[in-house]
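[1] When you get a sec, could you give me coordinates for this:
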Amino acid sequence: MKIITVNVGQGALAIVRHQGEAIIVDCRIPPANDKTVAYVKEIMALALKGHDVKGLVLTGFDDDHSEIAGASIVLRKYRPDWILYPSYYKDTAEAKRVFSLIDDEVKSRRTSKAPLERIGVRLDRLASRKLTGLSDKFDFELFSPHTEDMDSSNNCSIVLKLIGRGSGGFSYLITGDTENPRWETINRLFGNSLKSHVMAAPHHGSRNATHPASLLNIAPHTVLISAGVNSQYGHPHSQALQVYGQVAKHVFSTHMEGGVSLLTQPGTTEITTTLISSVNTQAA
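    Numbers count the residues shown, from 1 in each chain. Now for the predicted structure:
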């Protein structure tokens, strides 16, 4: 199992691969005039080569997680079997463009041999938190969103554990932009069920999304942060980094060394993460 946390600046895009299948998480592409655009497209092509892209998980509809250029590339070039997103309404022009694209792709593939399935999720509407039928190589366990805490787009984010089956698999907690009030509820309800080997830091390493009690239950070996270099929001926050350093053995961020992608995979004795500053065979 490998996780490629792609350097997209202030936003999120990750690729999770295991035994020939791939799941894409979020779809931020940097602005067209950003020098990293070509790099992002190249690393996606390299990381996804020879893999069956099963699905796209949009953790939310803020444009640093879901925007039209990235969504178009994923849905039209890599043609996943399904797209999973939280069930809430985001009243912005970008969210409307992404929803329109999803509608168009569902319609255009409806009579094909590979239709696109759209899956909106909310815990209070599901009979089980275990999502089945999405992959032969991964298991999916959902922790959020739930109507009781959906007071902002951040707290409507998907929180989802991906678990690679069999040899070489491990657990990866996807967290979106979920903030501390929602983490308080998640932690109270699910406790040590949150335990995961690797965690994507919520809200790009924001202090307001760093919930110590939840982190103690997650007990991650590795924390991965997707944040821009010299982020205008101050991500990752120094206090968040300090807290992560107390609970995890390793903490990595895409803002390191002027901007890097992160390749996380099983090593000889433990999970390792490599910094990728240029597109090369490290992501293969």
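[2] Tell me how many other residues crowd Pro145.
    The criterion is other C-beta atoms under 10 Å. On that basis, Pro145 has 26 neighbouring residues. The way it works is simple: take the backbone N, C-alpha and C, and place the C-beta from them, glycine included.
[3] Can you name the residues that contact it?
    Listed by C-beta atoms under 8 Å, 6 or more residues apart in numbering, the contact set of Pro145 reads 86-88, 121-123, 155-159, 182.
[4] Throw those into TSV and include neighbour count, thanks.
    Formatted as TSV, the contacts of Pro145 follow (neighbours: other C-beta atoms under 10 Å):
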residue	neighbour count
Pro86	27
Ser87	17
Tyr88	18
Val121	19
Arg122	17
Leu123	19
Asn155	25
Cys156	28
Ser157	29
Ile158	26
Val159	26
Arg182	29
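[5] Which one of the residues you listed is nearest to Leu189?
    Taking C-beta to C-beta as the measure, Leu189 lies nearest Leu123 of those, at 9.1 Å.
[6] how many neighbours does the closest residue to the closest one other than its chain neighbours have?
    Using C-beta to C-beta, 6 or more residues apart in numbering and skipping the chain neighbours, the partner closest in space to Leu123 is His146 (4.2 Å). When counting by other C-beta under 10 Å, one arrives at 21 neighbours for His146.
[7] what do you get for Ala93?
    Neighbours of Ala93 under the rule other C-beta under 10 Å: 9.
[8] show me what contacts it?
    Ala93 neighbours (C-beta under 8 Å, 6+ apart): none.
[9] Distance check, it against Ser100.
    As judged by C-beta to C-beta, to the nearest Å, Ala93 and Ser100 stand 10 Å apart.
[10] buried set for the helix ranked longest in the chain?
    Secondary structure of the chain per DSSP state H: the longest helix is helix 93-108. Across helix 93-108, burial judged by 16 or more other C-beta atoms under 10 Å covers 94-95, 97-99, 101-102, 105.
[11] do the same with stretch 12-20
    So stretch 12-20, judged by 16+ other C-beta under 10 Å, has buried residues 12-19.
[12] all helices in the protein, in order from the N-terminus.
    37-48, 68-72, 93-108, 180-190, 212-218, 238-247.
[13] CSV for the ones you listed, including mean pLDDT and distance to Leu173?
    Below are those laid out as CSV (pLDDT from 0 to 100; distance: least, C-beta to C-beta, whole Å):
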stretch, mean pLDDT, distance to Leu173
helix 37-48, 95, 20
helix 68-72, 97, 22
helix 93-108, 97, 24
helix 180-190, 98, 11
helix 212-218, 98, 6
helix 238-247, 97, 13
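[14] Export these as JSON lines, with columns for distance to Glu257.
    Shown next, in JSON lines, are those (distance: least, C-beta to C-beta, whole Å):
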{"stretch": "helix 37-48", "distance to Glu257": "14"}
{"stretch": "helix 68-72", "distance to Glu257": "24"}
{"stretch": "helix 93-108", "distance to Glu257": "30"}
{"stretch": "helix 180-190", "distance to Glu257": "29"}
{"stretch": "helix 212-218", "distance to Glu257": "25"}
{"stretch": "helix 238-247", "distance to Glu257": "15"}
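[15] who wins for proximity to His197 among those?
    helix 212-218 (9.6 Å).
[16] What is the closest one packed up against?
    When contacts are defined as 3 or more C-beta pairs under 8 Å, 6 or more residues apart in numbering; DSSP states H and E, helix 212-218 packs onto helix 180-190, helix 238-247.
[17] just these: most buried one?
    Comparing the helices and strands packed on helix 212-218 by mean neighbour count (mean count of other C-beta atoms under 10 Å), helix 180-190 ranks first with a mean of 19.
[18] Restricting to C-alpha, output that one in CSV.
    What follows is helix 180-190, C-alpha atoms only, in CSV (Å, rounded to 0.1, in the frame of the first residue of the first chain):
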residue,chain,number,x,y,z
ASN,A,180,-12.5,20.5,16.9
PRO,A,181,-16.2,20.7,17.8
ARG,A,182,-16.9,17.9,15.4
TRP,A,183,-13.9,15.9,16.6
GLU,A,184,-15.3,16.2,20.1
THR,A,185,-18.4,14.3,19.0
ILE,A,186,-16.5,11.8,16.8
ASN,A,187,-14.1,11.0,19.7
ARG,A,188,-17.0,10.6,22.1
LEU,A,189,-18.9,8.2,19.8
PHE,A,190,-16.1,6.1,18.3
